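Enquirer: Give the three-dimensional model of this entry:
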Amino acid sequence: MNYFSIRHYDFKRKIASHQHDIYEFVYYISGSGEAKIGDAVFSIKEDCYTLIPPHVRHEENHFGYSTVLIIGFEINDKELQPEFLFSALQNQTMRNLVHSIRMETRSKPLFYEKMIALYASEALTLIVRNQMSRPVKNKNASISFARAYIDEYYMTEINLKEIASNAGYCPDRFRNIFKKEVGISPKKYILQKRLELAEKMLVQTNNSMEDICFSVGFQYYSHFSLFFKEKTGLSPLEYREKNLSER
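Expert: Numbering: from 1, shown residues only. Below is the predicted model:
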């Protein structure tokens, strides 16, 4: 560990673009804002964290008062070179380690700096272990979690900005990465899931057109009917009648 600090930023503090010759671990204890790391922009919120490799330019824009833990460190073992990471997923183990570091910093007991180094080493080791053990296909785990959430709740009102933030991205960045991983945009993915469910319900249930419309996530039947006909070439009623006659 080369350095560590807990910084308290004033309201609307902007940290200018800079880079380091060593790794930097940043844990956002409180506050909100945006961080630009390399060419990517991420939403900052409480308990998200990032691991920035050497020589990667980064900057921050804090929207309110915030508290940030920063650790600078070097890794001499060439087999243990962690990748860039930004995580907005809740991690109780990481939160506990950061809490322990803060307690040592406040009370400053004997050998507190050595204890902080140990806690920091544990946190960083967990990150490297996770990166080296996960399958390549799960490299973008936050998008996988976002997709899994949509799969469970696509028939409800979904706030894509909130999902993007929880995944650690701004909306535009999230949409681009999601499209690259899944093949279509998040909005189109949600509509596709709703269409598939509507097709099943039209054939497998006796529910009214309006009930099916609301059940799959549409607020207005006119919107549902137009979308359904655009995608299938048939109105919901025509689709039901056609498929029932063919059974």
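Enquirer: Report the buried residues of stretch 89-103.
Expert: For stretch 89-103, burial by neighbour count (16 or more other C-beta atoms under 10 Å) applies to 91, 94, 97, 98, 100, 101, 102. Just so you know, the C-beta spots here come from the backbone N, C-alpha and C atoms, and that holds for glycine as well.
Enquirer: Tell me which two of the residues you listed sit farthest apart.
Expert: Farthest-apart pair in the buried residues of stretch 89-103 is 91 and 102; separation 15.9 Å (C-beta to C-beta).
Enquirer: before we move on, back to that, of all the buried residues of stretch 89-103, which comes closest to residue 221?
Expert: For the buried residues of stretch 89-103, the nearest to residue 221 is residue 91 (43.1 Å; C-beta to C-beta).
Enquirer: Disregarding flanking residues, what is the spatial nearest neighbour of residue 57?
Expert: Excluding the flanking residues, the one nearest residue 57 by C-beta to C-beta, 6 or more residues apart in numbering is residue 19, at 4.7 Å.
Enquirer: How about residue 60?
Expert: Residue 60's closest residue in space is residue 15 (C-beta to C-beta, 6+ apart), at 4.1 Å.
Enquirer: What helix or strand is that neighbour located in?
Expert: strand 14-18 (DSSP states H and E).
Enquirer: now the angle from the very next helix or strand once past that strand to strand 14-18?
Expert: Per DSSP H and E, the first helix or strand lying C-terminal to strand 14-18 is strand 23-30. Interaxial angle of strand 23-30 relative to strand 14-18 (axes from the mean of the first three to the mean of the last three C-alpha atoms, to 10 degrees): 170 degrees.
Enquirer: Tell me which strands strand 23-30 pairs with, and in which orientation.
Expert: Paired neighbours of strand 23-30 in the sheet (DSSP bridges): strand 48-52 (antiparallel), strand 66-73 (antiparallel).
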